[in-house]
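**Q** can't give you the sequence, but here's the structure:
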């Protein structure tokens, strides 16, 4: 064989693997958009990955995940959503952040979106109906806002003599704040109690909000369903203990951190469910045909050491209904 022919043959042989690799399908990319920070959601992201793995997808092997975190600044979310759309990603997931879901929906009408939201997805226009979403959006609704009245009822049972309840909300997230305030105020009017609404977006705001509640002589308070407050749960339970003010939270993580009482669905399981839905869509299912998942079980968690520390006697009726009592 002539030297020139040999080199040509060698070059052709070397090019075959390259061509074969070029023809292999690209690994799908999942865009993960959230209003909070990565450090606050490490465990929950692990639950999301677990859900993905249950459908056969493992990060670093046959799927990639692009994370975008708003760092508690909702005004950043539209730009972050646009980044994921331009990437482009195969799907966008927005677990536990209604503001992120709204930003993603505004950014694309074609890329599938899987949400985990505390607001009613039909009322907010995320989907046409729970059974038949009908567009590029589906996911999990934890009905956190709808549980506002129940949380107030439990807090009232704890403090039946209370005349005024405080309500801490995030003014930067009107999609949750406005319906949550309406739910609580409506429930309070039924039992003849007053609601003092205080707003906070920063650590300093939260300090001021507590001072306001003390000055207004609030007997107890609720925390609005908002990712912002999940990242500040240690600050919240510390201030509640300092002022000896009974509080009702929306996630068990607050009670585990020293909060008095929480009532809500299991967030880790819902992050897992968003992972399952994401995997099913990657396999070819259409969001329009995938019913919105709703929780069927809710957890009441009571922290007895905290109750004793602030001088509260928890009624036996509440203890009997608690799913978990932290001793």
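**A** Thanks, I have the structure now. A quick note: this is a predicted structure, and the numbers were derived from the prediction, not measured.
**Q** For residue 179, which non-adjacent residue is closest in space?
**A** Residue nearest to residue 179 in three dimensions, not counting chain neighbours: residue 145, with 4.9 Å by Cβ to Cβ, 6 or more residues apart in numbering. In this view, the C-beta of every residue, glycine as well, is placed from N, C-alpha and C.
**Q** That should have said residue 164, apologies.
**A** Sequence neighbours aside, residue 194 is the residue nearest to residue 164 in space, at 4.6 Å (criterion: Cβ to Cβ, 6+ apart).
**Q** Run a quick neighbour tally on that neighbour.
**A** 15 (other Cβ atoms under 10 Å).
**Q** My guess is it contacts residue 165. True?
**A** Yes. Using Cβ atoms under 8 Å, residue 194 makes contact with residue 165 at a distance of 7.3 Å.
**Q** Does the residue nearest to residue 179 touch residue 180 like I think?
**A** Yes. Counting by Cβ under 8 Å, residue 180 is a contact partner of residue 145 at 5.1 Å.
**Q** which sections of the protein are below the confidence cut-off?
**A** 1-25 (pLDDT under 70).
**Q** hey, where'd the helices end up in it?
**A** 3-23, 42-54, 77-86, 98-107, 148-158, 174-190, 203-215, 227-230, 233-242, 252-256, 267-282, 304-309, 316-321 (DSSP state H).
**Q** looking at the ones you listed, which is closest to residue 128?
**A** Smallest distance to residue 128 across the helices of the chain (Cβ to Cβ): 12.8 Å, for helix 98-107.
**Q** Could you tell me which residues within that closest one count as buried?
**A** Residues of helix 98-107 classed as buried by neighbour count (16 or more other Cβ atoms under 10 Å): 98-105, 107.
**Q** And for stretch 167-178?
**A** Buried, per 16+ other Cβ under 10 Å, within stretch 167-178: 167-170, 172-173, 175-177.
**Q** next one: stretch 241-256
**A** Quick answer for stretch 241-256 (16+ other Cβ under 10 Å): 241, 245-255.
**Q** sorry, back to before: where's the residue nearest to residue 164 relative to residue 327, distance?
**A** 34 Å (Cβ to Cβ, to the nearest Å).
**Q** Point to the residue nearest the middle of the protein.
**A** Centroid check for the chain by Cα atoms, centre = their mean gives residue 96 as the closest residue, at 1.5 Å.
**Q** That residue against residue 43, yeah?
**A** No. Residue 96 is beyond contact range of residue 43, at 12.0 Å (criterion: Cβ under 8 Å).
**Q** Distance check, residue 304 against residue 260.
**A** Distance from residue 304 to residue 260, by Cβ to Cβ: 9 Å.
**Q** Can you tell me which of the buried residues of stretch 241-256 lies closest to residue 267?
**A** Taking Cβ to Cβ as the measure, residue 267 sits nearest to residue 251 out of those, at 5.7 Å.
**Q** Which neighbouring residues are in contact with the closest one, exactly?
**A** 230, 233, 262, 264, 267 (Cβ atoms under 8 Å, 6 or more residues apart in numbering).
**Q** rerun at 10 Å
**A** Taking Cβ atoms under 10 Å, 6 or more residues apart in numbering, we find residue 251 in contact with 96, 142, 144, 223, 225, 229-230, 233, 257, 259, 262-268, 299, 301.
**Q** now it: how far from residue 114?
**A** Taking Cβ to Cβ, one finds residue 251 at 20 Å from residue 114.
**Q** re the thing from before, so can I have JSON lines of the buried residues of stretch 167-178 showing distance to residue 85?
**A** Formatted as JSON lines, the buried residues of stretch 167-178 follow (distance: Cβ to Cβ, whole Å):
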{"residue": "167", "distance to residue 85": "36"}
{"residue": "168", "distance to residue 85": "34"}
{"residue": "169", "distance to residue 85": "30"}
{"residue": "170", "distance to residue 85": "26"}
{"residue": "172", "distance to residue 85": "23"}
{"residue": "173", "distance to residue 85": "22"}
{"residue": "175", "distance to residue 85": "20"}
{"residue": "176", "distance to residue 85": "24"}
{"residue": "177", "distance to residue 85": "27"}
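**Q** Format the helices of the chain as TSV; extra columns: distance to residue 290.
**A** Formatted as TSV, the helices of the chain follow (distance: least, Cβ to Cβ, whole Å):
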stretch	distance to residue 290
helix 3-23	31
helix 42-54	14
helix 77-86	20
helix 98-107	15
helix 148-158	27
helix 174-190	22
helix 203-215	38
helix 227-230	24
helix 233-242	32
helix 252-256	27
helix 267-282	6
helix 304-309	40
helix 316-321	34
